[in-house]
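**Q** Any chance you can model this:
(chains A, B and C)
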Amino acid sequence: MSLFLGLLAAGLAIGSIYALVSLGYTMVYGIIELINFAHGDIFMIGSLVVLGMLINVFHVTEASHLSGLPLIVVLVVTCVVAMLICAVLGVVIERFAYRPLRNAPRLAPLISAIGVSLILEDIGKFIIGPANASAPDVLPRIHYCIGPTDPNQGCLGMDITNIQILVIVVAVILMVALQWLVTSTRIGRAMRAVAQDREAAALMGVNVDRIIAITFLIGGALAGAGAFIFMLSVGVTIFNIGFELGLFAFTAAVLGGIGNLVGAMLGGMVIGLIRALVTYIPDKDIPFGLPHGGVAWQDAIVFVVLILILLFRPTGLLGQRLSEKV
Amino acid sequence: MSANRVKDEPESVGVAGEALLELSGVTKRFGGLVAVQDVDLQVKSKEIVSIIGPNGAGKTTAFNLITALYRPTSGDIRLAGKSIVGLSPDQIVTRGIARTFQNIRLFNNMTVLENVLVGQHTQLKAGILGSLFRPPAVRHEEEAARQRAIELLGFFGTALLERQEEYVINLSYADRRRVEIARALAAKPLLLLLDEPTAGMNEAETLEAVKYIRRLRDELGLTILLIEHKLAVTMGMSDRIAVLDYGRKIAEGLPEDVRRDERVIAAYLGRPAREDQKAAIEQQEE
Amino acid sequence: MATLMSGTLLPPARETRLLVIKWVIALLVPLLVFTFVWNGEAAINQIIVGLFIHNSTLGSRYDWTTLIGATIFFVLFYGLLTALAGYAVAADSGRQNPIMLWISMVVFTVVPIVLISIVNDLFVGISFSVLVWVPYFLILRFWHRSRPAVASALPRLTPLNSEEQASLVRRAIAGGFWFGLTFAVLSLVVDLIYFFSGQYGTDSGILLIWIVLRTVLLPLAGYFLGRLSGGLALRHTLKANGKKAQSSKEAIDPRLNPSLLTGLSASRSREEARDLVPNDAPLNSSGARNFYLVLLFAFLLCYPMIDPLLFGPGTEGRLSLYGDAGRYVILALGLNIVVGFAGLLDLGYVAFFVFGAYTWALVGSPQLTVLTGLVSDPHIWSWLFWPMVLVAALIAALWGVLLGAPTLRLRGDYLAIVTLGFGEIIPIIAQNMDKYTGGTNGLSGIYSPAFFGVQWNVSTPMPYYYLMLFLVALVLFANVRLRDSRLGRSWIAIREDEIAAASSGINLVKTKLFAFGAGAFFSGIAGAYFAAKLSTVASSNFSFTDSVLYLSMVVLGGLGSIPGVVVGALAVYAINVLVLAGLDNIGSDPASFLHPGYAQLQALFPNFSFGNIRNLIFGIILILIMIYRPEGLIPSARRRRELHHQAKEDEEVEVGALDATPGSAEFEKEVRVE
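**A** Numbering: from 1, shown residues only, chains lettered A, B, ... in the order given. Take a look at the predicted model:
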């Protein structure tokens, strides 16, 4: 049971990261109907930025034992810088690779997105090489137990770490902020208008180019934040992490209903949970388990989920709309 | 492997006076909006029937229901006595209904001839193996198809014949209409649905269109159901007229009767931009 | 509107002379560069020596197949060029400026020959040439746009009478003859210089004989070849019978029915006029295309024989690489059916390749014993390769239908993602079900095919090369047949307008499934070949990156255009495998001209090598092509119009294959059909 709950916690944590990244996908798709293949790679670049900040700028190592104000400064600055760089990257990509193709048939910006993804991956490989790169542990890992504790078996309830809690909290804060932005501000209203009917919005005086750029900006920033908490919790990145993670995040967006922000958040959590819980499947032959255990099939199962949703409920769990209701 | 068998002739084909197409109580709902409400319509063989009505009255929706692009919420549609509800659009063509579209849907990057060849899809039999190996049967079939396509183009005179290798995107609007009709004819239909065939045409082109539409019935024995906005055209050409408004059929009958029908005039009068229509009707009265 | 050229007679004798000069120079310059600057002359000399003398230093290292094959090629090569000279002189309308022609010939033929000879690598040389071609092309276009538009006339549309026809043939003969003569004389001069400077050594006897023979035979050959070309040119003129066309084929043949040309729009009639003689640009005409095709055919067939003569040692390695390129061509052609013809965006095409590869791998290898207990004798079992290619293709086709079926109701982007999902799941299954598939390490010891008297193994690429040529030819043939058939038309109709297609009687489900199946079929062929050639198959061989690669081949080449897709596949393969590796080779070689720059780059960026930035270059190319030339390198005529056509105002938004399928619930919600 506690294993299950522990997996639950882990799933929610990674799910929060997926949720942040998937918001970028769902927003971009909602507004220009493009699957931004490069979004996952923006996340990857964000993770590299975090790495760079921690290692090269702040010189954090295992022995640093930061705490208190220095710790907060390091964390906040790193997060902000990552978000900024990813945001700018998103805008630049839109400007040069997507905007010229706005009136082209659908295939063109899709291929262009794939091209951007390839470029970013090579840049990533250039910076950190082909192998994994780890970030130093900035925060000490503290386990909390939600539920009864047993002196012999340890935690019987949910075993959750401080980092996981931080991850979930940061993600939720950002998601709430985004929701507020989209529903209660002028820019948010403009974004929803452009998503529903670009021409009408333009006729109403909305600067469509600017709004689209802002959408990419926000999406990028969220991806950067996701990269930050990812590096805090998982701590390992590789140049092609963006591809698969991007795919999972996109699945999350579709699961929740493409164009629907709350749906994306929900979808992210669900995908995270599915991935975590799937590891529970034992390494036996079908039908009692899977060869090599559920761990080896995590990715495949996410894709199966994706395909099943698209087949049976293509509008997603919550339906397609750019945040009509909270 | 054959995809679609050559169309079998339905039993009661060509017997003038019998109902070829029958709509009974056809209703179509899109969520909360009722586009077509409880419409009954009969089209007899070799008739030319027009559907008229203000914009948004559900005329094109009715066409889409007949050609299975939409599925009726309730009601039945029968062709030669057999229900065609639930079929797919391509099956409708095999049964004998072909159509044109209000905004002309040609295959823009194909030539005139190729468009008409596509129209013959249901008349040809070559499957994947036939396409690969081109046995003599298939070669003959293709040659015959080309011949037939040229004949169909010839129905409209020499204009299209001379342009048969032209990409349809380069043709004039009136020519594109004709190609679309030729493509529809290629499927050897019993019933031809024409959605605003004279839209966008000037007077001369309209007169010509009326002529060839009549010839479609007179020379080729087709039954024609058409949607038309130009009252002069419908009055002159139709055997019967049905009037739709807000999805309901509000009148039906001979052209002269429909023209004088008060409900029809009211339906048109209720729209601000329809003054000219009423004036036209009144002018005809004088 | 099309304008007709005023009815001028064919030019008098002086004009013929000018034309001969024009074309002899145009075609002779690249030929001379090839023969004397590069290895043409040396190669021929080696052939002669090799054929007739057995102990000389020059000729003894080549075996009979090489020599004979190379002989055939060179005979064809020089012969075709001579004939082409004749054809061009006959077919030219005389309106094109010779200087422009000469400059273009230099840029497009001399430059690549020179570059190839410098770097001694076919594909690297061509890539450098591309760097020259692109700016030249842009300059030309800019220059054309800045000049006032000249109405391009159609060729004369009145038929040629018999005197004019005879004059045409005479021109061709003149062209061929003078070409042959000039070339013979020039080669004679060069060879005499070589001879008298003693370069021929002990073989000079046989070579002298050859020189004399050549000087005599070439002009003669030119005469006869010119006559042949004249006949070919005649076939492309308007016939003088003037009778009304009888069959429908005649009715639409512009050569027989001039009214057809005048009835067409300007751009369309120009397209048709390209096939007529006289012609403003004879090298672009369909008559000249015959020459190119024969030359290409000879080149491909004889390549293993001429490679050692032209490029020196290393033929085996090169052959193996080039043969692999064919695999990509097949894959691209298959994907072209799905994406190019039918418009279904498939991002998971690699899955079917996997099926094809594993089908042969599981049957034609020791793994069969593991799975079924049957013990297979490699010598006998290898023969099974041939039927298994078909089986593999059919299995792949079956999976194409199975994996395509769920996608039928989806709109374009979602279809892409679902196919992507399948493309990811299949390799994962291959990896994890390692009891059957060998997992990451894969299966090895897969049997090569068997053929009479031919030895196949990993170190003999030549049989594989020819096998690949054969497969590519088959696949090309099938594709062309499919495209021009009822099925092909229905695919293109679906891509253009699904609603109109369905309303014309095309069963969308069946037709799309056929597209998936047919596309996957070819992928299966490539997969079986791959397994046999590499003799190992592992799940790490396949990934989404491959699917992207195939898609970019199709897009780069030109969606739906068969020649475009072939070129796109070769270009992508060249960039990915050959050029970058070749650049690395050349850069690391201290003696080459690239080395200083290369070394500097490496000093600046420690990780640098061309292979490492492959994806970077590739990504940039993809983006640039999408922005500036989305119709691809050799677009089908349709596509170019499709992408550059300005939407007219009264045209509604096209509902293409990328949106919901008619008849589905989603369709009604989204689209109001008007």
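
**Q** Which helix or which strand is home to B:Glu151?
**A** Counting by DSSP states H and E, the element that carries B:Glu151 is helix B:136-154.

**Q** Which residue is the nearest non-sequential neighbour of A:Ser163?
**A** Let me fix one detail, which is that residue A:163 is Ile and not Ser. A:Ser233 (4.8 Å; Cβ to Cβ, 6 or more residues apart in numbering or on different chains). All C-beta spots, glycine's among them, are computed from the backbone N, C-alpha and C.

**Q** so how far is chain B from the one you found?
**A** According to Cβ to the nearest Cβ, to the nearest Å, A:Ser233 and chain B sit 45 Å apart.

**Q** in chain A, what residue is nearest chain B?
**A** Of all residues in chain A, the one sitting closest to chain B is A:Pro105 (12.3 Å; Cβ to the nearest Cβ).

**Q** Can you tell me the SS state at that residue?
**A** Following DSSP: H, G, I helix; E, B strand; the rest coil, we place A:Pro105 in the coil state.

**Q** Would you agree C:Gln165 is in contact with C:His236?
**A** No. Applying Cβ atoms under 8 Å, one finds C:Gln165 not in contact with C:His236, separated by 11.6 Å.

**Q** Which of these two has more residues huddled nearby?
**A** Applying other Cβ atoms under 10 Å in any protein chain shown to C:Gln165 and C:His236 shows that C:His236 carries more neighbours, namely 21 against 18.

**Q** quick one: pLDDT of the more buried one?
**A** C:His236 carries a pLDDT value of 79.

**Q** residues touching it, list them.
**A** The neighbours of C:His236, taking Cβ atoms under 8 Å, 6 or more residues apart in numbering or on different chains as the test, are C:Ala91, C:Arg255, C:Asp275, C:Leu276, C:Val277, C:Ser285, C:Ser286, C:Gly287.

**Q** for it, phi and psi?
**A** phi -100, psi 10 (degrees, to the nearest 10).

**Q** ok, for it, nearest residue in space, not its chain neighbours?
**A** Per Cβ to Cβ, 6+ apart, closest to C:His236 is C:Val277, 4.3 Å.

**Q** Okay, helices next: where are they in the stretch 51-200 of chain B?
**A** Remark: helices assigned in the stretch 51-200 of chain B by DSSP state H, counting those that start in this stretch are B:59-66, B:89-95, B:112-119, B:128-133, B:136-154, B:158-162, B:173-185.

**Q** now for the second one, which elements pack on it?
**A** When contacts are defined as 3 or more Cβ pairs under 8 Å, 6 or more residues apart in numbering or on different chains; DSSP states H and E, helix B:89-95 sits against helix C:498-503.

**Q** what's the helix it packs on packed up against?
**A** By 3+ Cβ pairs under 8 Å, 6+ apart, helix C:498-503 packs against helix B:89-95, helix C:486-496, helix C:508-534.

**Q** rerun that using 6 Å as the cut-off
**A** helix B:89-95 (3 or more Cβ pairs under 6 Å, 6 or more residues apart in numbering or on different chains; DSSP states H and E).

**Q** With just CA atoms, put the helix it packs on into CSV.
**A** C-alpha atoms of helix B:89-95 as CSV (Å, rounded to 0.1, in the frame of the first residue of the first chain):
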residue,chain,number,x,y,z
PRO,B,89,-21.6,9.4,-49.5
ASP,B,90,-19.9,7.2,-52.0
GLN,B,91,-22.6,4.6,-51.7
ILE,B,92,-25.1,7.3,-52.5
VAL,B,93,-23.3,7.9,-55.7
THR,B,94,-23.4,4.2,-56.6
ARG,B,95,-27.1,4.2,-56.0
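
**Q** Right, I'll call it a day here.
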